[in-house]
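Enquirer: Take this sequence and fold it.
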Amino acid sequence: MRFSAMRTVVAAAALGLVAAMMPAGTAQAVNGGNSAAQGEFPFMVRLLPTGCGGTLISPQVVLTAGHCVDPETAESLTVVVGTVDQQDSDAATRVSVVDSYTAAGLFWWESDWGLLKLAEPVNLPVVALAGESSQDYTELTAIGWGRSQEDQEQQRFLQRAEISFMNDTACTELEGGLEGMYHPDRHLCTFADQGKGICGGDSGGPALNQLTDSTWEQVGIVSFGGDCDPEYNDRRNIFTEVAAFADDIRAAEATLLGRAS
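Expert: This next block holds a predicted model:
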């Protein structure tokens, strides 16, 4: 099985950058998605130059995938907030990164989350983090600027797609190349049904669950999985489960905010 996340990590190491990787392609945000409306997901951000996604979990802290954060070069990152259109310079605000945190782990995929501290707080809504694990989802909403196909460019406009949730049993029983990488106690799984799924460049972006009051909670972080290559058969998309790390994320956030930049 091919993992674009793995491929990008290797490339990033060679370049000395944190790569924008994703369990799939790189160029059209979410594969099979539709353009999100301006202001629909105001907490969504993009990291440059890597192209990864991320979310505001407080006015000065961004949650993303750990493989999108290289602590040695985090201060070379810029976070773009406030726009769904990456070419709209009037709506977009660029904020520099002054500090970072990555979760410790023997393998990057076992605790694939990281935090970025912004140079200054931004006046935008933040996303709630899921505090409890659940296997009761039917669909989750993924958003990102990644590719629609592996050989394309990243999307100009933020994309959203409703993707089919797979419980742990179904995910682990499906044949493919995820053996030894999918951990039910720290991952969530979706299936790219009818061509809808994550693609390269979506790494670090969220899997969202809409609550009964129409607000969103973040339940996952795009980590790795099947490509959006039409010739690739394994359509599982794997997310770091936010609830499994929520306490650690909040503790690391407090550490970052309390640390001199």
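Enquirer: Quick one: residues in contact with stretch 240-257.
Expert: With contact meaning C-beta atoms under 8 Å, 6 or more residues apart in numbering, stretch 240-257 is reached by 57-58, 60-61, 63, 65-66, 99-101, 103, 111-113, 115, 117, 129-134, 185-188, 218-221, 223. All C-beta atoms are positioned from the backbone trio N, CA, C, and that covers glycine.
Enquirer: Try it again at 6 Å.
Expert: 61, 99, 101, 112-113, 115, 117, 129-133, 186-188, 218-219, 221, 223 (C-beta atoms under 6 Å, 6 or more residues apart in numbering).
Enquirer: Please save the CA atoms from it in PDB.
Expert: Provided in PDB are the C-alpha atoms of stretch 240-257 (Å, rounded to 0.1, in the frame of the first residue of the first chain):
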ATOM      1  CA  THR A 240      -5.900  10.900  14.500                       C
ATOM      2  CA  GLU A 241      -8.800  10.600  17.000                       C
ATOM      3  CA  VAL A 242      -9.000  13.900  18.800                       C
ATOM      4  CA  ALA A 243     -10.900  12.500  21.900                       C
ATOM      5  CA  ALA A 244      -8.000  10.100  22.500                       C
ATOM      6  CA  PHE A 245      -5.600  13.000  22.900                       C
ATOM      7  CA  ALA A 246      -7.900  15.900  24.000                       C
ATOM      8  CA  ASP A 247      -6.400  16.200  27.500                       C
ATOM      9  CA  ASP A 248      -2.900  16.100  26.200                       C
ATOM     10  CA  ILE A 249      -3.700  18.700  23.500                       C
ATOM     11  CA  ARG A 250      -5.100  21.100  26.000                       C
ATOM     12  CA  ALA A 251      -2.200  20.500  28.400                       C
ATOM     13  CA  ALA A 252       0.300  21.200  25.500                       C
ATOM     14  CA  GLU A 253      -1.700  24.300  24.500                       C
ATOM     15  CA  ALA A 254      -1.400  25.700  28.000                       C
ATOM     16  CA  THR A 255       2.400  25.000  28.000                       C
ATOM     17  CA  LEU A 256       2.800  26.800  24.600                       C
ATOM     18  CA  LEU A 257       0.800  29.800  25.700                       C
END
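Enquirer: tell me which residues of the longest helix seen in the chain are tucked away?
Expert: Of all the elements of type helix in the chain, the one with the most residues (DSSP state H) is helix 242-258. Neighbour counts over helix 242-258 (16 or more other C-beta atoms under 10 Å) mark Val242, Ala243, Ala244, Phe245, Ala246, Ile249, Ala252, Glu253, Leu256, Leu257 as buried.
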